[in-house]
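[1] 3D model of this:
(one chain, ligands or ions: 1)
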Amino acid sequence: MRDLVAVFDFGSQYAQLIVRRVRELGVYAEIVRHDISKSDLMGIFPCALVFSGGPSSVLAPGHPEVDPEIMELNIPTFGICYGMQLVARFLGGKVEKGNSGEYGPASIEVVGAQSIFYGLGPCLDVWMSHGDHVVGLPEGFHILAGTASCPMAAIGNDEKKFYGVQFHPEVVHTPKGKDILGNFLYRVAQCKGGWTMSAFIEECTRDIRNRVGDSTVICALSGGVDSAVTAAMVNRAIGTQMQSIFVDNGLMRTAEVNEIRSLFSSSYPLNLTVVDACDRFLHNLKGITDPEEKRKIIGETFIQVFREEAKRLENARFLAQGTLYPDVIESSSAHGGPSSTIKSHHNVGGLPDEIGFELIEPFRYLFKDEVRLLGRELGLPDKLVFRQPFPGPGLAIRILGEVTSENLAVLRKADIIVQEEVKKHDGYRDIWQSFAVLLPVKSVGVMGDERTYANVVALRVVTSVDGMTADWVKLPYEVLGRISSRIINEVKGVNRVVYDISSKPPSTIEWE
Ligand code: XMP
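    The predicted model follows:
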C-alpha cells in the first residue's frame, strides 16, 4: 500500500504548498480538516502527519485544535509555525506572544543535525512569519535550531517522532526547506516514497475499472486540458465502455472543433460523439446582450443537448469530470464547511448534480500542473496539454453585445492573429492567457483615402498562477505593433486595436 501523509489545515495560505512539496518528494499527501476525528483519520491510514501554520494564536480562546486522541496515536508528526506551537503547548510546553513578531528571511543555527536537519550544514536560510513562539520545551523535547530572536526555531522529540519548526520549509524562500521535509518523511517517518505519475495512472486505472464494472461512463469534453486528460485516463481504464461527448456550441475558436475531432479520432482514438449544436446556441443567444444572461443561456442549452445525447446511451450510470484539487479544497478552510462541496462552474459545462449520474473525478486530488504531467504521460500532445485556459461560454463572453455569426467570424480572425504573434514571443510559456475581445464600439479611421467606421478590438494578455489574480503582460512594443497592424490590415470590419492594461482585481480576466 502507498504511503499517505495527512496535512492538517489550520487555515494556512500554504497548506496546498505543503501538499505539493510532499508529493514532489515522492510521497502522496492530502489536506485534511484540522478537526478530523481519530476514526476518520485512521480510515486513510496516514504514515505521517504535518500540521500547517495558520493565522490564529494558540493563546486565543477558541483557536483551532486537533482531536486529542490523534496526538496519542504516536504517528510521526511535523508541526510548522502554528502547528509547532499547538503540538508544543498540547504536550506541556510554553508559548508566548513575541514582542513584535518576526516576518521575512532569517538565518538559523543548527544544533541538532541528526533528524530533520541531517546533512544540511550548520547554518540555514529560512523564511519566518510568526507572532507567537515557543519559549518552554515540552518534556522529552530538545532544541534543534535557533536564532538570536527565536532560540527555539526548531524542536524535536526523537522518541515520539514529533518535530516542530517556527519557520516555513514549504516556501521557496527557505532554500533547503524541501530537504528538511524530505528528512522528516524518509529518515523520521520511514516513508517508502515512489509516488509517481505512472504509479498514479496504474492505481487510477484499477479504481475506475473496479467502480464501473460493466456500466457505461459518459465524459463531457470541453476541449480544455482537464476534461481531455480525464477522457484519456478513463479511456485507458475502460476503453469503449466510455462515451465522450463534445458539444460544438459554435462559440469555439478557429479550427478548434476539428482539432479535437482529429486528435481523438486518429492520434488518440476514443469513443467520441461530436454534437453539432451551433444553430441552437446562436438561436438561443439571439438579441441577448447582458453577460449574465448569455452565460445562463449557454449553460442551459449545453445541459439540454447533453441530456438528449445521454438518453441515447444504455446503462450510462457514470459521468467523468475533470474536477481538480483546488476546486475541491477551495470551499474547505480550517474554520469553514466540509471539503466535499464542488463549485459547479468548475465542472465541464457546469453540469448540475440532479442530472442523475454518479461522478467519476479521477483528478480530485491533483493540481493543474500534475494533470498536465499526467496528460503527457498518457501520450496527449503538448499542444493540447499546455494550451491556455478557455472559458466554458467560449467566444460569447469575448463579444461584448449580441453574439452573431458575423461577430464570431470577425473575432475568430483577430484571435488567430493574436495567438500566432504571441506564440512567437519568447515569454509565451509564462503567459496565462492571450486573446482578442470584440468591443461594441465603432470608431472612425482612414484606410487609403477612404474614411472607415468600424469596430474596435481589445487585446488581453495576462499572467496568473491560478486565474484568481492576474496582471497584464508588458509585451514588447514590436509584438503589440505587429498584432495591431495585422488585425487592422487582415480583419475586415476592424480599424482600431487597443491594449487592456488592467490587473485582476479590480478587473477580471475575461471582459464579461
Ligand atoms: P475571470 O474573467 O473571472 O476569469 O477573471 C478567470 C479564469 O476563468 C476563466 N473563466 C471561465 N472558465 N467557465 C470556465 O470554465 C466560465 O464560465 C469561465 N469564466 C471565466 C477565464 O478564462 C480565466 O482563465
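[2] tell me the SS of residue 418?
    helix (DSSP: H, G, I helix; E, B strand; the rest coil).
[3] thought residue 232 was touching residue 375?
    Yes - with contact defined as CB atoms under 8 Å, residue 232 and residue 375 form a contacting pair (6.8 Å). For every residue, glycine as well, the C-beta is placed using N, CA and C.
[4] quick one: common contacting residues for these two?
    Common contacts of residue 232 and residue 375 (CB atoms under 8 Å, 6 or more residues apart in numbering): none found.
[5] Relative to residue 47, how far out is the residue nearest to residue 38 when sequence neighbours are not counted?
    Nearest residue to residue 38, sequence neighbours excluded (CB to CB, 6 or more residues apart in numbering): residue 69, at 4.2 Å. According to CB to CB, to the nearest Å, residue 69 stands 18 Å off from residue 47.
[6] Tell me which of those two has more neighbours.
    Summary of the neighbour comparison: residue 69 and residue 47, criterion other CB atoms under 10 Å, with residue 47 having more neighbours (19 against 12).
[7] Now do the contacts for the more buried one.
    Contact criterion CB under 8 Å, 6+ apart gives 3, 4, 5, 27, 75, 76, 189, 190, 191 as the residues in contact with residue 47.
[8] Tell me the residues of this protein that contact the ligand?
    When proximity is defined as CB under 6 Å from any ligand atom, the chain approaches the ligand at 345, 389, 391, 392, 393, 433, 467, 504, 508, 509, 510.
[9] and the gap between the residue nearest to residue 38 and residue 52?
    From residue 69 over to residue 52 the distance is 20 Å, taken as CB to CB.
[10] Over to residue 118?
    From residue 118 over to residue 52 (counting by CB to CB), the distance is 23 Å.
[11] More neighbours: these two, which one.
    Legend: neighbour count by other CB under 10 Å for residue 118 and residue 52, higher for residue 52 (27 against 17).
[12] For that one, which non-adjacent residue is spatially closest?
    With CB to CB, 6+ apart as the measure, residue 12 is the residue that lies nearest to residue 52, at 3.9 Å, once sequence neighbours are left out.
[13] Give me the secondary structure label for the one you found.
    What three-state DSSP gives for residue 12 is coil.
[14] can you pull the pLDDT of it?
    With respect to pLDDT, residue 12 has a value of 86.
[15] Now it: phi and psi?
    Backbone dihedrals for residue 12, given as degrees, to the nearest 10, come out at phi -80, psi 140.
[16] tell me the contacts of it?
    Here residue 12 is in contact with 18, 52, 53, 54, 55, 80, 81, 82, 334 (CB under 8 Å, 6+ apart).
[17] Hmm, the first one is touching residue 52, no?
    Same thing as residue 18. Yes - using CB under 8 Å, residue 18 and residue 52 qualify as a contacting pair, with a distance of 5.9 Å.
[18] who touches both of those two?
    Counting by CB under 8 Å, 6+ apart, the shared contacts of residue 18 and residue 52 are 7, 12, 80.
[19] Share the number of residues neighbouring the last one, please.
    Residue 80 sits with 30 neighbouring residues when counted by other CB under 10 Å.
[20] Tell me the spacing between it and residue 303.
    Counting by CB to CB, the gap from residue 80 to residue 303 is 44 Å.
[21] Please identify the pairing partners of the one helix or strand residue 460 maps to and their relative orientation?
    Remark: residue 460 resides in strand 450-463, with elements defined by DSSP states H and E. Strand 450-463 pairs in its sheet with strand 433-447 (antiparallel), strand 471-472 (antiparallel), strand 494-499 (parallel), by DSSP bridges.
[22] Could you single out the most deeply buried of those?
    strand 494-499 (a mean of 19; mean count of other CB atoms under 10 Å).
[23] send the alpha carbons of it over as CSV?
    Listed in CSV are the C-alpha atoms of strand 494-499, where the atom choice follows Å, rounded to 0.1, in the frame of the first residue of the first chain:
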residue,chain,number,x,y,z
VAL,A,494,-11.8,46.4,-37.5
ASN,A,495,-10.0,49.7,-37.8
ARG,A,496,-8.6,50.1,-34.3
VAL,A,497,-6.8,47.9,-31.7
VAL,A,498,-6.4,48.8,-28.0
TYR,A,499,-4.4,47.1,-25.3
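[24] Residue 262: which element?
    Judged by DSSP H and E, residue 262 forms part of helix 256-262.
[25] what distance separates that helix from the centre of its chain?
    Centroid displacement of helix 256-262 relative to its chain, using CA atoms, centre = their mean, to the nearest Å, is 25 Å.
[26] So for it, what gets flagged as buried?
    Residues of helix 256-262 classed as buried by neighbour count (16 or more other CB atoms under 10 Å): 256, 257, 259, 260.
[27] Disregarding residues adjacent in the polypeptide, which is nearest to the last one?
    Read it as residue 260. Spatial nearest neighbour of residue 260, excluding adjacent residues (CB to CB, 6+ apart): residue 223 at 5.3 Å.
[28] Need the residue in the chain that's farthest from the chain's center.
    residue 449 (51.7 Å; CA atoms, centre = their mean).
[29] any idea of the pLDDT on that one?
    In this prediction residue 449 is given a pLDDT of 87.
[30] where does the stretch 1-150 of the chain dip in pLDDT?
    With pLDDT under 70 as the threshold, the stretch 1-150 of the chain has low-confidence stretches at 1.
[31] Buried members of the residues of the chain next to the ligand into ChimeraX, please.
    To isolate in ChimeraX the members of the residues of the chain next to the ligand that are buried, counting by 16+ other CB under 10 Å, one can use:
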select :391,392,393,433,467,504,509,510
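[32] quick one: which of the residues of the chain next to the ligand is nearest residue 236?
    Out of the residues of the chain next to the ligand, the one with the shortest distance to residue 236 is residue 389. That distance is 24.1 Å, counting by CB to CB.
[33] got the contact list for the closest one?
    The contact partners of residue 389, taken as CB under 8 Å, 6+ apart, are 224, 225, 432, 433, 467.
[34] again, but for residue 419
    By CB under 8 Å, 6+ apart, the contact list for residue 419 reads 253, 434.
[35] hmm, try it at 7 Å
    Residue 419 sits next to no residue when contact means CB atoms under 7 Å, 6 or more residues apart in numbering.
[36] Have a look at the chain and report its longest strand.
    Assignment by DSSP state E gives strand 94-110 as the longest strand of the chain.
[37] ok, so what distance separates residue 406 from residue 393?
    As for residue 406, its distance to residue 393 is 19 Å (criterion: CB to CB).
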